[in-house]
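Colleague: Just to be clear, the model below is a prediction. Sequence and coordinates:
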Amino acid sequence: MANKGMSILHISTARSWRGGEQQIAYLIAELALQNTHQFVVCIKDAPFYHWCLENNIPVKGLKKRSSLDLSFAFSLKKFSQKNKVEIWHAHDAHAHGFAVYANAFFGAKTPVIVSRRVDFPVAGSWLSAFKYNHASVKKILCVSRAIANIVKAKIKNPTVLEVVHSAIDHSKFTHLQKGKLRSELQLPADVKIVGNIAALADHKDHVTFINTAEILSALHPDLYFVIAGDGELRATLEAKVAEKGLEEKFSFLGFRTDVPAIIADFDVFLFTSKTEGLGTSILDAFAAGIPTVATAAGGIPEIVENEKTGLLCPVGDVHALAQATERVLSNPALAANLIKGASNKLALFSLKNFGIKTYEQYQLVLH
């Protein structure tokens with residue numbers, strides 16, 4: 001009798017497309033290479049919902065009224081029964097909650113795997129303790145050791161914790177051609193670009209990026225700064241740039257689907273997050289051969305080894321960040337060594353490894 005294959009339901013409650021949604025998309029593609037049947041429950045009409053439709057992934061779109069919407073949890077159970085789902089993979093905090101509620105209140109009896117991608121402290125509420133310690137939660141997959149250590153303090157059974165690093169698609173960075181961003185911004189070839197790619201959210205700390213840019217601009221009037229990403233803070237950050245008098249040396253590029261093409265024109269990738277699960281944008285810079293300067297937030301030091309794969313600075317320290325960026329810009333030998341070290345590090349963050357390690361966790365839970 002042929003193996004019927006593992007039946008997996010991915011649960012996402014994100015209303016926008018950010019790094020987490022890209023990771024789910026990568027995971028679905030990798031798991032398709034295994035003997036699996038995959039389904040998705042997500043927010044109706046969210047970008048991820050449309051991605052599923054476009055890629056012929058069986059998807060159920062639901063409305064989410066709140067993080068305690070029990071109708072969402074009940075729908076999980078019904079959808080899973082109909083499709084004979086064996087395991088749930090909850091990809092965000094609300095998805096985690098709904099999976100637990102479906103088991104606790106509606107008798108779903110379906111094992112849950114949770115992905116934890118953020119290094120925010122786990123809430124100290126009774127509800128959070130209930131979610132993280134419920135018997136249905138069989139594994140918590142953390143994208144970095146830093147996150148695992150944060151979660152470990154809040155759970156009764158640390159054996160559920162596993163570190164499965166996020167990944168990037170290395171193939172997107174082969175045969176890169178420089179010049180697209182410079183042409184778009186009409187920048188001469190001798191103008192050096194310091195760039196950042198991240199959602200415009202508070203924890204990404206673009207204010208520190210802007211303050212660092214102010215220091216660097218005084219030292220190098222010919223530098224140009226770009227931020228790719230969108231979010232609720234855009235107007236505030238644009239006002240900050242204007243306040244510093246940097247409008248002529250600064251561009252906000254918005255959300256981009258052509259990250260490899262634009263990052264190829266960076267001379268330094270400057271990543272200033274104050275909290276960070278892992279920082280897959282840094283991996284993009286590594287793959288594109290761009291030297292990186294970053295803060296030592298969350299899981300970033302697991303990617304950026306100081307003086308080996310990049311330069312690390314204390315969180316929020318604009319002078320250290322400016323000095324490190326200046327070192328890279330003025331020392332081609334240092335930049336070349338960092339690029340070489342980063343390239344060697346990249347093998348750990350392949351899509352193949354990501355898919356296999358996650359699939360192995362599913363197997364452990366089911367067998």
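Modeller: Received, thanks.
Colleague: Which neighbouring elements make contact with the longest helix belonging to the chain?
Modeller: Taking residue count as the measure and DSSP state H as the definition, the longest helix of the chain comes out as helix 351-366. Under the contact criterion of 3 or more Cβ pairs under 8 Å, 6 or more residues apart in numbering; DSSP states H and E, the helices and strands touching helix 351-366 comprise strand 6-11, helix 19-31, strand 87-90, strand 112-116, strand 137-142. No exception for glycine: its C-beta is placed from N, CA and C like everyone else's.
Colleague: How is this structure partitioned into domains?
Modeller: Following the assignment in automatic domain parsing, the chain carries domains at 6-167+350-366, 172-348.
Colleague: wait, what's in contact with the closest residue to Thr36 other than its chain neighbours?
Modeller: Spatial nearest neighbour of Thr36, excluding adjacent residues (Cβ to Cβ, 6 or more residues apart in numbering): Met6 at 4.9 Å. For Met6, the residues meeting the contact criterion (Cβ atoms under 8 Å, 6 or more residues apart in numbering) are Gln34, Asn35, Thr36, His37, Glu86, Ile87, Tyr362, Gln363, Leu366.
Colleague: rerun at 7 Å
Modeller: Residues in contact with Met6, defined by Cβ atoms under 7 Å, 6 or more residues apart in numbering, are Asn35, Thr36, Glu86, Tyr362, Leu366.
Colleague: next one: Val268
Modeller: Val194, Pro291, Val293, Thr325, Val328, Leu329.
Colleague: From Gly341, how far out is the closest residue to Val137 other than its chain neighbours?
Modeller: Distance criterion Cβ to Cβ, 6+ apart; nearest residue to Val137, sequence neighbours excluded, is Val112 at 5.0 Å. Distance check for Val112 against Gly341: by Cβ to Cβ, to the nearest Å, it reads 38 Å.
Colleague: Looking at the two, which one has more neighbours?
Modeller: Counted by other Cβ atoms under 10 Å, Val112 and Gly341 do not tie: Val112 has more neighbours, with 27 against 17.
Colleague: Okay, and the beta partners of that one?
Modeller: With DSSP bridges applied, Val112 shows beta-bridge pairing to Trp88, Val137.
Colleague: Which stretches in the stretch 51-200 of the chain count as helices?
Modeller: Secondary structure of the stretch 51-200 of the chain (DSSP state H, counting those that start in this stretch): helices located at 70-83, 93-106, 126-133, 145-152, 180-185.
Colleague: The second one versus helix 70-83: what angle between them?
Modeller: To tie it back to what came earlier, the one meant is helix 93-106. Angular relation of helix 93-106 and helix 70-83 on a 0 to 180 degree scale: 80 degrees, by axes from the mean of the first three to the mean of the last three Cα atoms, to 10 degrees.
Colleague: and what of the third one?
Modeller: In this structure, helix 126-133 runs at an angle of 20 degrees to helix 70-83, with the same axes, to 10 degrees as the basis.
Colleague: Now do the strands in the stretch 101-250 of the chain.
Modeller: Taking DSSP state E, counting those that start in this stretch as the test, the strands found in the stretch 101-250 of the chain are 112-116, 137-142, 161-163, 193-197, 224-228, 250-254.
Colleague: got the buried residues for the longest helix of the chain?
Modeller: Across helix 351-366, burial judged by 16 or more other Cβ atoms under 10 Å covers Leu351, Phe354, Gly355, Lys357, Thr358, Tyr359, Gln361, Tyr362.
Colleague: From the rest of the structure, what touches that helix?
Modeller: Counting by Cβ under 7 Å, 6+ apart, 6, 8, 26-27, 30-31, 33-34, 86-87, 111, 113, 138-139, 141, 162, 164, 166-167, 169 sit against helix 351-366.
Colleague: I'd like the average pLDDT over that helix.
Modeller: In this model, helix 351-366 carries a mean pLDDT of 96.
Colleague: That one to strand 137-142, inter-axis angle?
Modeller: For helix 351-366 against strand 137-142, the angle between stretch directions is 160 degrees (the same axes, to 10 degrees).
Colleague: Burial check on Val207, number of neighbours?
Modeller: Counted by other Cβ under 10 Å, the residues lying close to Val207 total 17.
Colleague: And for Leu161?
Modeller: By other Cβ under 10 Å, the residues close to Leu161 number 18.
Colleague: Let me know the secondary structure of Phe39.
Modeller: strand (DSSP: H, G, I helix; E, B strand; the rest coil).
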